[in-house]
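Peer 1: Sequence plus predicted model, see below.
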Amino acid sequence: MPQRILIVDDVREIVQGLAAYFRQAGFETLAAYDGRSALDLARRERPDLIILDWMMPELDGLEVCRQLRRDSAVPIIMLTARIEETDTLIGLELGADDYIAKPFRAREVVARARAILRRASGALAPSSMLRGAGLSLDLDRHTAEVDAHPVDLTPTEFAILVALMRNAGRPLSRAQILDAAQGDTFEGYERTIDAHIKNLRRKIETDPATPRRILTVFGVGYKFAAAE
């Protein structure tokens, strides 16, 4: 069954143009032109991925992302005309998996969506489990447990955690983590990793302010605590 992409933007030409590229690439598409309609459609139709504009009437993209993350780990790519790094970090901290600045090329949006969907499908590694510090990752089922309790991770968060756990005890730079999470096809701000790490700590640490699983290595990046 074709995967479904929900495209959300208040500019109809953008939605129609992206929808045409996604359909040509073999996807089914859904469309919304404001944030409130996007929320309703996402919850009713459960798309495989959402392309979400930042600035929209009714509810903006950030609020849509915030509300969706209360009960869903659906992959989200933010579209934004705001180019300041601090602005994009806000979206990532709210749980977006990636962002693309306007103007953009439709084929790049499709390529990034494919990459995220591959991660979401568990196409990260051969059949195996990763365990350490009370955390378990099932790479086949793309699920995570913390102290035997399930935790919902976005595809990007899952990919980052896989990279860190595979290198437990070894510091990874932000560039190395970014490459593991997004692949070397796309450029991105290395500092966006900090936003994803912040989200991960909220989900997997007992006290995010004093983490014991994902540790900061000053001047380098981050590392996963060595197996206990």
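Peer 2: That came through fine. Numbering: from 1, shown residues only.

Peer 1: When you work out contacts or count neighbours from here on, use the C-alpha atoms and nothing else.
Peer 2: Fine.

Peer 1: and the residue nearest in space to the middle of the chain, how far is that from residue 131?
Peer 2: Note on the chain: the residue nearest the mean C-alpha position is residue 97, at 2.0 Å, using C-alpha atoms, centre = their mean. Per C-alpha to C-alpha, to the nearest Å, residue 97 is found 24 Å from residue 131.

Peer 1: Please name the residues that touch residue 130.
Peer 2: 136, 137, 138, 139, 162, 165, 166 (C-alpha atoms under 8 Å, 6 or more residues apart in numbering).

Peer 1: mind putting those in JSON lines, pLDDT included?
Peer 2: JSON lines is the format used below for the contacts of residue 130 (pLDDT from 0 to 100):
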{"residue": "136", "pLDDT": "92"}
{"residue": "137", "pLDDT": "91"}
{"residue": "138", "pLDDT": "90"}
{"residue": "139", "pLDDT": "86"}
{"residue": "162", "pLDDT": "91"}
{"residue": "165", "pLDDT": "92"}
{"residue": "166", "pLDDT": "88"}
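
Peer 1: nearest to residue 105, of these?
Peer 2: residue 162 (29.9 Å; C-alpha to C-alpha).

Peer 1: And that closest one, how far from residue 10?
Peer 2: Counting by C-alpha to C-alpha, the gap from residue 162 to residue 10 is 36 Å.

Peer 1: buried sites along the helix of greatest length in the chain?
Peer 2: Counting by DSSP state H, the longest helix found in the chain is helix 106-120. For helix 106-120, the neighbour count (16 or more other C-alpha atoms under 10 Å) marks 109, 110, 112, 113, 115, 116, 117, 119, 120 as buried.

Peer 1: can you redo those residues as a markdown table with distance to residue 151 and pLDDT?
Peer 2: Formatted as a markdown table, the buried residues of helix 106-120 follow (distance: C-alpha to C-alpha, whole Å; pLDDT from 0 to 100):
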| residue | distance to residue 151 | pLDDT |
| --- | --- | --- |
| 109 | 28 | 94 |
| 110 | 28 | 94 |
| 112 | 25 | 89 |
| 113 | 23 | 93 |
| 115 | 22 | 85 |
| 116 | 19 | 87 |
| 117 | 19 | 88 |
| 119 | 17 | 75 |
| 120 | 15 | 73 |
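
Peer 1: Tell me the one of these nearest residue 70?
Peer 2: Closest to residue 70, out of all of the buried residues of helix 106-120 and judged by C-alpha to C-alpha, is residue 120, at 18.3 Å.

Peer 1: Now do the contacts for the closest one.
Peer 2: 75, 142, 154, 155.

Peer 1: Tell me, what's the model's pLDDT at residue 79?
Peer 2: Turning to residue 79, the model gives it a pLDDT of 92.

Peer 1: Name the nearest residue to it, ignoring sequence neighbours.
Peer 2: What sits nearest to residue 79 in space, not counting adjacent residues and going by C-alpha to C-alpha, 6 or more residues apart in numbering, is residue 53, at 4.5 Å.

Peer 1: What are the boundaries of the helices in the chain?
Peer 2: Under DSSP H, the chain gives helices at 12-24, 35-45, 61-68, 85-93, 106-120, 155-166, 174-182, 192-204.

Peer 1: ok, of those helices, where does mean pLDDT dip lowest?
Peer 2: For the helices of the chain, where the average pLDDT is lowest is helix 85-93, sitting at a mean of 71.

Peer 1: Let me see the contact set for the residue lying closest to residue 180 once chain neighbours are set aside.
Peer 2: The spatially closest residue to residue 180, leaving aside those adjacent along the chain, is residue 163, at 6.3 Å (C-alpha to C-alpha, 6+ apart). By C-alpha under 8 Å, 6+ apart, residue 163 lies in contact with 177, 180, 181.
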